[in-house]
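J.: give me a model of this one.
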Amino acid sequence: MMRGLATACIAGLIGIAAAPVAMAQQTTGRPGAPGSTATIDGRFLPNPPAPFQGQISPNAVDSQPAWAPLVVPPRGAPNVLLIMTDDVGFAAPSTFGGVIPTPTLDRVAAMGLRYTAFHTTALCSPTRAALLTGRNHHSVGTGVVVDQATGYPGYNSVIPRNAMAIGEMLRQNGYDTSWYGKDHNVPQWEGTQAGPFHNWPTGDVKGFNYYYGFVGDDSSQWAPGMLFRNTTPISPQLGHPGWNLITAMADEAIGRIRMLHDIQPDRPFMIYYAPGATHAPHHPTPEWIERISAMHLFDEGWNRLRERIFANQKRLGIIPQDAELTAWPDSLAQWDSLSAEAKKLFIRQADVYAAFLAYTDHEIGRVLQAIADLGKLDNTLVIYISGDNGASPEGTVNGLFNEYAIANGVSPSVEQNMRFYDAWGSDATYPHYAVGWAWAFDTPYQWTKEVASHFGGTRNGLAMAWPARIRDAGGIRQQFHHVIDIVPTILEAAGLPQPSVINGIAQKPIEGVSMAYTWDREGANAPGQRITQYFEMFGSRAIYHDGWIASAPPVGTPWIITLEPPPADVMNSVPWELYDLRRDWTQANNVAASQPDKLRDMQQRFILEAARYNVFPLDASRLQRFIGEKPSFTPGRTHFTYTGPIYNIPFSDTGSAPNLLNRSYTITAEIEVPQGGVEGVLMTDGGRFAGYSFYILRGRPIFAWNLIGAEIVKWQGREALPPGRHRLEFTSAVEGPGLGRGGVGKLSVNGRVVDEQPMPHSLPISVAWDEVFNVGQDTGTSAVPDDYQIPFTFTGRIHRLTVQLGPRNLSRADQGQVERTRRERQ
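T.: Numbering: from 1, shown residues only. The predicted model follows:
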């Protein structure tokens, strides 16, 4: 009797008599068995705990164990391979009429569908935030790239926890989720190995189980300085000549696909595959440069290339037969007006770019083939988005042997670029092409990346395939869609609802619409379900509604990068244009003058959408927002002390490491020199393309500034340091206020000045942002490649290294701009 009473009491205390929670849509196995699985409701993630289904008595012999079922996606849910390349204009790949061979993109389109009216936001971080969350970019705090964050809800670079990403949604429904390549959506002040990590790919906002890639705008593919495995910085290129990240990330993805198949063969996966290509620097392998150069794709120049692409697009049905080719802008040179030397340079730039795109597409093909080889391609939803915005104009009119040149206010001439002709694309360059190619790669549209008002900035090719479901192989879809429509499409394919609550936080409604209605053959002519969509970037803006688009062009020309302040009244700085897309596919004919009432209605609609999605306040500034202060876990820090080696600290401009630009500073290193001599890096930031290094070479101390690879300024000791303890010091006293001002540097050994000389100018904006701060060795590229190669580990002992920074020495105008930006970020 006592035994029965005890059992009853236990049952009452733990509540096993309660009715089961209605959590399972589908179950497999006997309930409570170790191998049972369940598909959860999916609206509330994680699913509320289910009541215990077994029996508990005082003794185990009289009890019945029961296991909670393992969470699995709905039966038949597909694998997902989501691909987004970088800075690929609509007309670059062969799939959308271009001349650059992209057989993998062609393959996906042949298996499924090509979407010819698919849109992005016109810029990197915003597009990627919208892609992953299914919400508009301002709605998730990413109105500009994270480097330009300001303190407004639409621009603070923080994806809020009430708008969690597709990785977290799928992960909590039983998918394996992994991410390869670029993440340009980590707030800069959280971008170091100190964290916090909730906004990283593996954090709870994005929700990926595994990450292999780089954090930031772009990266050297030969020597990535900010490469991470999950949240740990890595340098796999060390000791491996010829290593390239484009191949390495494909190897990583293939390895995980095979591992998952070997261990959990029935578990669906989602792979987000986001290579840094074809954002600058354009870094293909030499074999690909040789292969593409031999095709002579660009010998006739950008004007005739544009005409050729336009004809291809009509032949392929990518654009309507009555579509018009928009006019070439007066601000860009006609090909036939160029010098022979300029033509030679620009052809080389295009060949290297095309090799980069073809190489990347080939490596994506290896990932796709790995899925096919395991028999999983039939039930894999492949979404291949060709670019996160239009082709990039950031190479300016002559192209760039070093992208950091323009970031620091230098526009190389043809002659300066020609010095790097043979090395273009190698690890000795950080190159970008001339803007004429960008305009051509956006054929047939106007404008480029950064411009949200016109399709040259926002229209990107999309191929989507799911062999088990999409039967209209090779079909074309012309419905108007936007990158926010990808998340609801994936959820519908997986049979999952849009979650209402994730991790206890109520979620904002997803703002996209599913594209699954277009998949059947009848879907080719189905009315589009995206009726309205706003666009905005740096003040250029547009509103699409029911076949019309009103467009406000950019306030400034995107390839003219300047610190000159833009107009304060962005709303009224440029006249709006109006296009009837039902009759004018390419925005070639502005009908604003003849349709004033329609234009006014559209403008009012933009204001409503902008207010709804946090677009205001409008701001046309670009470079100014890069140099403004950002949040920091160490605000105002001017003194840094290191008691030994530390590596791979990024984003020195957020206080994570000393930022030496535009100020006086003193670096003091107390070191021990062993018997036999010493050499190696004491402290460095940046690298071959912009940065500095304090190092010892053959026993002699040296401090060197690398000014965008065009000039190296050194201070050197004349004698080797003998064994024992020494105090090395480098001081720089900047002369006068202003960005990039020079000053006088002094190198001292044990209190005695051994070298003193002026430096006429410095870097005004940035060291190489894809590189990191190090003490005790160099993990990126050498700032002084003729003196040492990485890692050049210090062979002595660093007792203490300190950096003391003076105040920022800006002019009144510079300070006013920085202060204004700082106030915006508060």
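J.: so which strand or helix has I702?
T.: Secondary structure from DSSP states H and E places I702 in strand 700-707.
J.: and that strand, how far out from the chain's middle?
T.: Computed by Cα atoms, centre = their mean, to the nearest Å, the chain-centroid distance of strand 700-707 equals 32 Å.
J.: tell me which strands and helices it is in contact with?
T.: strand 690-697, strand 711-716, strand 741-749, strand 752-761 (3 or more Cβ pairs under 8 Å, 6 or more residues apart in numbering; DSSP states H and E). (C-beta placed from N, C-alpha, C; glycine too.)
J.: and those strands, which is most packed in?
T.: Between these, strand 690-697 has the highest mean count of neighbours, a mean of 26, where neighbours are mean count of other Cβ atoms under 10 Å.
J.: could you export that strand as PDB, CA atoms only?
T.: Once side chains and other backbone atoms are set aside, the C-alpha atoms of strand 690-697 remain, and they are given as PDB (Å, rounded to 0.1, in the frame of the first residue of the first chain):
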ATOM      1  CA  ALA A 690      48.400  50.000 -46.000                       C
ATOM      2  CA  GLY A 691      49.800  49.800 -42.500                       C
ATOM      3  CA  TYR A 692      52.900  49.900 -40.300                       C
ATOM      4  CA  SER A 693      55.300  47.600 -38.600                       C
ATOM      5  CA  PHE A 694      57.800  47.900 -35.600                       C
ATOM      6  CA  TYR A 695      60.300  45.100 -36.000                       C
ATOM      7  CA  ILE A 696      63.900  44.000 -35.600                       C
ATOM      8  CA  LEU A 697      65.800  42.900 -38.700                       C
END
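J.: other SSEs contacting that strand?
T.: Contacts defined by 3+ Cβ pairs under 8 Å, 6+ apart place strand 690-697 against strand 680-687, strand 700-707.
J.: list the residues that contact the residue nearest to the spatial centre of the chain.
T.: The residue at the geometric middle of the chain, judged as the C-alpha nearest the mean C-alpha position with Cα atoms, centre = their mean, is H184 (3.6 Å). Taking Cβ atoms under 8 Å, 6 or more residues apart in numbering as the contact definition, H184 lies against C124, S125, R128, V145, V146, V215, G216, D217.
J.: ok, now with 6 Å
T.: For H184, the set of contacting residues under the criterion of Cβ atoms under 6 Å, 6 or more residues apart in numbering consists of C124, S125.
J.: for R541, same thing?
T.: So R541 contacts A452, F535, A552 (Cβ under 6 Å, 6+ apart).
J.: could I get those as CSV with pLDDT, secondary structure and distance to V574?
T.: Putting those into CSV (pLDDT from 0 to 100; DSSP: H, G, I helix; E, B strand; the rest coil; distance: Cβ to Cβ, whole Å) gives the following:
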residue, pLDDT, secondary structure, distance to V574
A452, 98, coil, 13
F535, 98, strand, 14
A552, 98, strand, 6
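J.: can you tell me which of these is nearest Q221?
T.: A452 (28.3 Å; Cβ to Cβ).
J.: isn't the closest one up against Q533?
T.: No. Using Cβ atoms under 6 Å, A452 and Q533 do not qualify as a contacting pair, with a distance of 10.8 Å.
J.: higher neighbour count, those two?
T.: A452 (29 against 21; other Cβ atoms under 10 Å).
J.: show me where the stretch 301-450 of the chain has strands.
T.: Counting by DSSP state E, counting those that start in this stretch, the stretch 301-450 of the chain has these strands, from start to end: 380-386.
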